[in-house]
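K.L.:
Structure for this input, please:
(one chain, ligands or ions: 2)
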Amino acid sequence: MAQQRRGSSTFTHENTGMKITFLGGGNMAAALIGGLIERGFAPAAVQVIELGAALRTQLGERFGVRAVEAADAAALACDVLVLAVKPQQMRAALAPLAGRLDAQLVISIAAGLRLCDLARWLGTPAQPYARLVRCMPNTPALIGAGVSGLYADPSVDEAGRALAARVMAAVGSTVWASSEEQMDAVTAISGSGPAYVFHFIEALEAAGRKLGFEAADARKLALDTVLGAARLAAGAEDSPALLRQKVTSPGGTTEAALASLATAGWHDTLVTAVMAAAARGRELGAELGKD
Ligand SMILES: NC(=O)C1=CN([C@@H]2O[C@H](COP(=O)(O)OP(=O)(O)OC[C@H]3O[C@@H](n4cnc5c(N)ncnc54)[C@H](OP(=O)(O)O)[C@@H]3O)[C@@H](O)[C@H]2O)C=CC1
Ligand SMILES: O=C(O)[C@@H]1CCC=N1
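P.N.:
Ligands and ions are numbered 1, 2, ... in the order given. Here you go, the predicted structure:
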């Protein structure tokens, strides 16, 4: 996998001339739109096609973007179309677009769905639409701290690949996958990953409550520990394993906790959980693309 540094340059419609439309305006689209706008992308260059009326109003009020119920000509007059509906909703959502795209770069952020199936659904029987990139972002994109995996259809040219990377780099760091199969692994590690970390924070917070802290203090202790440890690990030359050892005094408190985690099989349980997520991604792709 090739890694890229987090981008932080000003990214406006005026200086890129780029228009971006989202199909689906839910959690992940909102995180990406919020991240792009926060980093200087002009709201006037962003459109959303979203079925839910309440969500359309909310997106308009929150971000100042144009939100429409169906893919009208204005919505499709974009450079980048981001497919951000649930995998199970994708085929039906793409049906009204089939055969209507010409040069737009299509970025799918859907878990599991394979490029070959998206190309079929977006194109015509005679001509699948292959200007497609699979990306897997995560919700910290909302604060510009996401990480995204990308994999482009081999037919996508260098300009198309650079455009996809530019969009995702505006909301965090990027990693190119070397095969499409790796996208299910990215989904399992970093796409779903924030949920594992939030779950860990919940558990640390629950322990704080059990040990007598008020809710606010228990949360602060848990959150600042995760934040500080992640920042330390990100900036350190030492590996996470070495950093862990440096916290663990022989015969001390950390050793007692880590022994308890080892007895519970915590490390292997987490690895198994990530494998289950990757397997579910593969299964979704096979299930939803089978005909
Ligand atoms: N959430 C996450 O952390 C991440 C999600 N993803 C991927 O992002 C995609 C979106 O996930 P998420 O944002 O969580 O899902 P959401 O359900 O929050 O968002 C999807 C939105 O699309 C709407 N929608 C459904 N069908 C259509 C249609 N035909 N036209 C327009 N809008 C439509 C849905 O409306 P309604 O609710 O009424 O159906 C919903 O508001 C998924 O494919 C997921 O795999 C990727 C990375 C991380
Ligand atoms: O749970 C899911 O399927 C999506 C993909 C990665 C994060 N959320």
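K.L.:
do stretch 164-180 and ligand 1 meet?
P.N.:
No: using C-beta under 6 Å from any ligand atom, we find that stretch 164-180 stays clear of ligand 1, coming within 11.2 Å at best. For glycine as for every other residue, the C-beta is placed from the backbone atoms N, C-alpha and C.
K.L.:
typed the wrong thing, it's stretch 86-98
P.N.:
Yes: counting by C-beta under 6 Å from any ligand atom, contacts between stretch 86-98 and ligand 1 involve 86-87, 89, 92-93.
K.L.:
Stretch 270-278 now?
P.N.:
No: looking at stretch 270-278 against ligand 1 by C-beta under 6 Å from any ligand atom, there are no contacts, and the closest approach is 11.3 Å.
K.L.:
Of the residues of stretch 86-98 next to ligand 1, which is the nearest to F198?
P.N.:
K86 (20.0 Å; C-beta to C-beta).
K.L.:
returning to what we had before: tell me which two in the residues of stretch 86-98 next to ligand 1 are the farthest apart.
P.N.:
Counting by C-beta to C-beta, the most remote pair of the residues of stretch 86-98 next to ligand 1 is P87 and A92, 11.4 Å apart.
K.L.:
Who has more neighbours out of the two?
P.N.:
The neighbour comparison of P87 against A92 (other C-beta atoms under 10 Å) goes to P87, with 18 against 10.
K.L.:
How many residues are close by the nearest residue to the more buried one once chain neighbours are set aside?
P.N.:
Nearest non-adjacent residue to P87, counting by C-beta to C-beta, 6 or more residues apart in numbering: A110, 4.6 Å away. When neighbours are counted by other C-beta under 10 Å, A110 registers 26.
K.L.:
next one: L51
P.N.:
L51 has 14 neighbours, counted by other C-beta under 10 Å.
K.L.:
which residues does it contact?
P.N.:
For L51, the contact set (C-beta atoms under 8 Å, 6 or more residues apart in numbering) comprises E69.
K.L.:
Secondary structure of it: a strand, I assume?
P.N.:
No: counting by DSSP: H, G, I helix; E, B strand; the rest coil, L51 is not found in a strand; it is coil.
K.L.:
which parts of the stretch 151-291 of the chain sit against ligand 1?
P.N.:
G191.
K.L.:
For ligand 1, what's its nearest residue on the stretch 151-291 of the chain.
P.N.:
Taking C-beta to the nearest ligand atom, ligand 1 has its nearest neighbour within the stretch 151-291 of the chain at G191, 4.4 Å off.
K.L.:
Need the residues that contact the top helix by length along the chain.
P.N.:
Ranked by number of residues, the top helix in the chain under DSSP state H is helix 266-288. Applying C-beta under 8 Å, 6+ apart, the contact partners of helix 266-288 are 87-88, 90-91, 111-114, 117, 181, 183-185, 187-189, 192, 196, 261.
K.L.:
hmm, try it at 6 Å
P.N.:
With contact meaning C-beta atoms under 6 Å, 6 or more residues apart in numbering, helix 266-288 is reached by 87, 111-114, 184-185, 187-188, 192.
K.L.:
what about the nearest residue to A206 once chain neighbours are set aside, distance to ligand 2?
P.N.:
If the residues on either side of it in the chain are set aside, A206 comes closest to A218, at 7.8 Å by C-beta to C-beta, 6+ apart. Per C-beta to the nearest ligand atom, to the nearest Å, A218 is found 27 Å from ligand 2.
K.L.:
for ligand 2, what are the nearby residues on the stretch 101-250 of the chain?
P.N.:
Close to ligand 2, as judged by C-beta under 6 Å from any ligand atom, the stretch 101-250 of the chain has residues 111, 187, 191-192.
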